[in-house]
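Engineer: With the input below, show me the fold.
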Amino acid sequence: MNETSGRYEILVLSRSYDGLEALQRRYKYAELRCFSEEDNDVASGSLRSFLRCVPKVRRFVSTEYMRWVNACLDEIPVEAVIYEVFQGDMPFIRRHHGQKILLHVHGMYFHRGISRFSRIWRVADKVIVLNQKRLVEFGSLPGASEKLCLVKNAVDVDKVQAAQSPEMRARVRHDLGLAETDVTFVFCGRLSPEKGLLELLQALPEGDGLKLIIVGGSAPGSNEATDYVERIKDTADTSKGRVILTGWVAHNDIPAYLAAADVFMLPSQCDEQAPLALLESRAAGLPAIVPDRGGIPDYCDKESAILIRPGVNFVPELRDAMLSLANDPEKRRAMGRAARADFEQYSYGAYFERFSELIDEVCGELHE
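Structural biologist: Residues are numbered from 1 along each chain as shown. Have a look, this model is predicted:
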């Protein structure tokens with residue numbers, strides 16, 4: 001979006017990754033600088049952060065990386081710095097040359113409670129959250145409310161919709177060995193315990209015409225056979241061909257699997273903030289079965305999704321919801337239409353406008 005408008009000059013500081021040079025060539029109004037682990041003594045830890053002005057850039061970082069970021073910002077005067085922050089990043093974030101600081105708390109689960117991150121409010125001019133629940137939680141902290149703003153997540157809806165054709169659906173279903181009459185559920189995401197894959201496999205109803213596609217690996221770009229992945233495979237092996245494991249799939253190929261499916265599944269056992277796979281499923285016009293927790297209710301409603309209460313009855317209620325949609329094709333179609341009806345609010349264009357308003361508001365204070 002910024003390449004079309006030329007509204008901002010953007011500096012992105014990132015860790016090294018394959019394809020960085022090709023990415024740089026795509027952008028006229030963005031400069032990408034790369035931190036190389038090969039040239040630095042990288043400390044271990046779970047720190048992650050990046051400077052960002054676009055929705056989909058994410059890089060793992062370390063203590064040395066944050067030192068490099070600060071050195072770059074000492075050298076280059078910019079008006080605003082936008083960090084996507086995680087718990088360990090707070091001690092390393094500091095202000096340079098009077099610039100404004102925006103913190104985007106995308107992936108914080110706050111396992112130990114939010115109060116221990118009070119430094120956020122001292123260092124930030126604005127704190128961006130992705131859902132109403134986080135807005136309320138943070139708003140309870142002293143000094144937080146005036147700095148909080150809600151900017152909902154976004155996906156490439158044009159790319160998703162371009163794959164939603166009868167021809168694509170038929171091709172992918174043929175490649176996966178699915179019959180035309182099979183009712184197909186799909187999960188897209190990381191194969192890790194908090195995502196609830198074993199619970200989903202327990203919930204899968206009996207019936208030869210009910211199939212489940214699990215799209216993903218143990219981590220982005222990885223098909224490592226972790227203990228959890230092996231348990232998923234062992235359970236899938238007992239399904240008599242009703243469960244299809246694709247392994248890790250490039251993100252650009254995900255829309256094709258959505259085209260092949262009838263219902264999107266997200267059985268998460270954690271408080272998801274703003275799951276991109278759910279937004280992509282809405283752009284694809286799929287009804288969803290999701291947990292009623294975290295930020296998920298901000299991104300779907302009862303017209304387009306069945307929300308399952310977390311707790312001891314989660315698996316049987318998940319199974320009942322799957323049967324309900326499997327046995328009612330008209331309900332699936334109606335919920336799919338409702339999902340697609342408001343997808344434009346999750347487009348990159350809408351996101352860019354919301355984010356731009358925030359940046360202009362904050363940076364405008366520098367010119368008053």
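
Engineer: Where does the closest residue in space to residue 33 that isn't next to it in sequence fall, secondary structure wise?
Structural biologist: Leaving aside its sequence neighbours, residue 33 sits nearest to residue 13 (CB to CB, 6 or more residues apart in numbering; 5.3 Å). (Each C-beta comes from the backbone N, C-alpha and C, glycine too.) Residue 13 is part of strand 10-15, with elements assigned from DSSP states H and E.

Engineer: picking up where we left off before, pull the number of nearby residues for the residue nearest to residue 33.
Structural biologist: 26 (other CB atoms under 10 Å).

Engineer: Touching, it and residue 35? I think so.
Structural biologist: Yes: the criterion here is CB atoms under 8 Å, and residue 13 meets it with residue 35 at 7.1 Å.

Engineer: Overlap in contacts, the two.
Structural biologist: Both residue 13 and residue 35 are contacted by 68-69, under the criterion CB atoms under 8 Å, 6 or more residues apart in numbering.

Engineer: can you give me the helices for the chain?
Structural biologist: 2-5, 20-26, 63-75, 119-123, 132-139, 157-162, 166-176, 197-203, 227-237, 254-260, 276-283, 314-326, 329-341, 348-364 (DSSP state H).

Engineer: what mean pLDDT does the longest one have?
Structural biologist: Regarding helix 348-364, the rounded mean pLDDT is 89.

Engineer: buried set for it?
Structural biologist: 348, 350-352, 354-356, 358-359, 362-363 (16 or more other CB atoms under 10 Å).

Engineer: Any chance of a markdown table for those, columns distance to residue 319?
Structural biologist: Listed next are the buried residues of helix 348-364 as a markdown table, based on distance: CB to CB, whole Å:
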| residue | distance to residue 319 |
| --- | --- |
| 348 | 36 |
| 350 | 36 |
| 351 | 35 |
| 352 | 40 |
| 354 | 38 |
| 355 | 40 |
| 356 | 44 |
| 358 | 42 |
| 359 | 46 |
| 362 | 48 |
| 363 | 51 |
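
Engineer: so which of those residues comes closest to residue 302?
Structural biologist: residue 350 (22.9 Å; CB to CB).

Engineer: Check the gap between residue 206 and residue 238 for me.
Structural biologist: Using CB to CB, to the nearest Å, we find residue 206 at a distance of 12 Å from residue 238.

Engineer: go on, residue 196?
Structural biologist: Residue 196 is 18 Å from residue 238, by CB to CB.
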